[in-house]
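Asks: the following comprises the amino acid sequence and a computationally predicted model.
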Amino acid sequence: MTATAVRVDPAPAARTGRRRRSLGWVAVVPLLAFVAVAFGLPAIAMLDGAFTAKDPATGATSYTLDNLTTSLKGAYLTALLGSVKLSAVSAALGTLVGLPLAQAVVTSRFRALREAVLTASGVLANFGGVPLAFAFVATLGNAGVLTRHFGLTSKGWDLYSFWGLVVVYLYFLIPLMVLTVTPALDGLRVQWREAARNNGATAVQYWRFVALPVLLPTLLGGFVLLFGSAFAAYATAAAMVGSSIPLVTLQIADAISGNVLVGQENVALALSLDMVLVAGLVMAVYLPLQRRSARWLA
């Protein structure tokens with residue numbers, strides 16, 4: 001008897017694979033349509049308005065760079081730099097405070113404490129706007145409960161100042177940093193600490209030469225993430241300080257509403273474009289750091 005070879009045609013399997021891939025693209029179409037409507041159209045309108053100027057006499061419109069030039073001069077530039085300074089200081093303090101807090105949570109023997117802290121961090125990281133401003137005004141404002149009880153006004157405390165706004169921002173930035181750095185701390189291997197201890201390294205030396213170099217991409221990425229979150233915040237600062245502290249988000253609101261000058265809507269769009277460029281730089285730094293951190297801690 002001779003064996004008969006059976007030949008299987010691979011064409012049906014290949015066609016099935018291609019059909020599945022095509023159906024996968026169909027499933028993504030609603031998401032792409034939503035992104036195009038929710039983000040694409042506003043982006044196009046912002047770009048068009050930022051480079052458009054209207055002649056008040058004739059009503060004719062033309063493309064120009066005057067709006068961008070205006071957004072980088074005078075009070076607008078001061079507000080942009082003020083937002084960058086506030087965001088950088090808040091992000092730096094949030095990183096410095098969030099790291100040891102996250103380490104204390106990770107090394108805790110009580111699982112319930114860890115879950116409670118992470119759950120609370122997830123809630124507090126998204127707590128902002130007018131409710132957060134009201135909570136701080138009621139507790140640390142000029143007539144707040146803690147301000148009157150401890151006599152903070154006589155000691156120089158002012159909630160409606162730069163540092164007062166930093167304290168308010170830390171309320172949601174520190175929990176955000178805890179959520180960001182906790183997975184990286186979980187990724188530190190016990191063998192690294194044991195190897196350092198067996199070679200005579202102290203705890204400080206372990207953190208200086210082993211843990212911190214590994215965590216550095218995550219820490220820098222967390223700082224950038226906190227910076228972007230503080231840079232885009234608007235409602236909390238608007239409800240607390242109004243226009244007493246120059247911030248770019250408040251300047252955009254004033255330009256759109258015409259509180260200072262009438263007909264500055266396109267300058268507001270140019271300021272928005274400036275913010276988008278800053279946010280783009282932030283994301284350009286954050287994404288490579290996040291990938292590098294994931295590679296180290298995988």
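Replies: Perfect, thanks for sending it.
Asks: quick one: least confident helix or strand in the chain?
Replies: helix 11-35 (a mean of 68; mean pLDDT, DSSP states H and E).
Asks: output the below-cut-off pLDDT ranges for this structure.
Replies: Scanning the chain for pLDDT under 70 picks out the ranges 1-24, 56-57, 59, 258-263, 293-298.
Asks: ok, Gly228 to Tyr169 distance?
Replies: Separation of Gly228 from Tyr169 (C-beta to C-beta, to the nearest Å) stands at 12 Å. The way it works is simple: take the backbone N, C-alpha and C, and place the C-beta from them, glycine included.
Asks: looking at those two, which is more packed in?
Replies: Neighbours were counted for Gly228 and for Tyr169 using other C-beta atoms under 10 Å; Tyr169 has more, 25 against 19.
Asks: wait, what's in contact with the more buried one?
Replies: Leu86, Ser90, Gly94, Ala230, Ala233, Thr236 (C-beta atoms under 8 Å, 6 or more residues apart in numbering).
Asks: tell me where the stretch 1-150 of the chain has strands.
Replies: 52-54, 61-63 (DSSP state E, counting those that start in this stretch).
Asks: which of these sits closest to Val241?
Replies: With C-beta to C-beta, the closest approach to Val241 among the strands of the stretch 1-150 of the chain belongs to strand 52-54: 31.2 Å.
Asks: what comes up buried for the closest one?
Replies: Neighbour-count burial for strand 52-54 flags Thr52, Ala53 (criterion: 16 or more other C-beta atoms under 10 Å).
Asks: chain center to that strand: distance?
Replies: Centre-to-centre, strand 52-54 and its host chain are 32 Å apart (C-alpha atoms, centre = their mean, to the nearest Å).
Asks: now for the spatially closest residue to Tyr63 that is not a sequence neighbour, how many residues are close by?
Replies: The shortest distance from Tyr63 to any non-neighbouring residue, by C-beta to C-beta, 6 or more residues apart in numbering, is to Phe51 (5.1 Å). Phe51 has 18 neighbours, counted by other C-beta under 10 Å.
Asks: likewise Ala184?
Replies: 23.
Asks: again with Gly122
Replies: So Gly122, with other C-beta under 10 Å, has 13 neighbours.
Asks: quick one: it from Ser108, how far?
Replies: Distance from Gly122 to Ser108, by C-beta to C-beta: 17 Å.
Asks: OK, contacts around the residue nearest to Tyr63?
Replies: Residues in contact with Phe51 (C-beta under 8 Å, 6+ apart) are Tyr63, Thr64, Leu65, Asn67, Leu68.
Asks: any idea how far Thr249 is from the spatially closest residue to the third one that is not a sequence neighbour?
Replies: Leaving aside its chain neighbours, Leu65 sits nearest to Phe51 (7.0 Å; criterion: C-beta to C-beta, 6+ apart). Using C-beta to C-beta, Phe51 is found at 21 Å from Thr249.
Asks: Trp207 is nearest to which of the strands of the stretch 1-150 of the chain?
Replies: Of all the strands of the stretch 1-150 of the chain, strand 52-54 comes closest under C-beta to C-beta, at 53.7 Å.
Asks: tell me the strands beside the closest one, with direction?
Replies: strand 61-63 (antiparallel) (DSSP bridges).
Asks: touching stretch 76-87 from outside, list them.
Replies: Under the criterion C-beta under 8 Å, 6+ apart, residues 70-72, 162, 165-166, 169, 226-228, 230-231, 245-251, 267, 271, 274, 278 lie in contact with stretch 76-87.
Asks: for the buried ones among these, write the corresponding ChimeraX selection.
Replies: Here is the ChimeraX selection string for the buried members of those, based on 16+ other C-beta under 10 Å:
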select :70,71,165,166,169,226,227,228,230,231,245,246,247,248,249,250,251,267,271,274,278
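Asks: which of the contacts of Phe51 tops the neighbour count?
Replies: Asn67 (21 neighbours).
Asks: give the contact list for that one.
Replies: Here Asn67 is in contact with Gly49, Ala50, Phe51, Thr52, Ala53, Asn266, Val267, Leu269, Ala270 (C-beta under 8 Å, 6+ apart).
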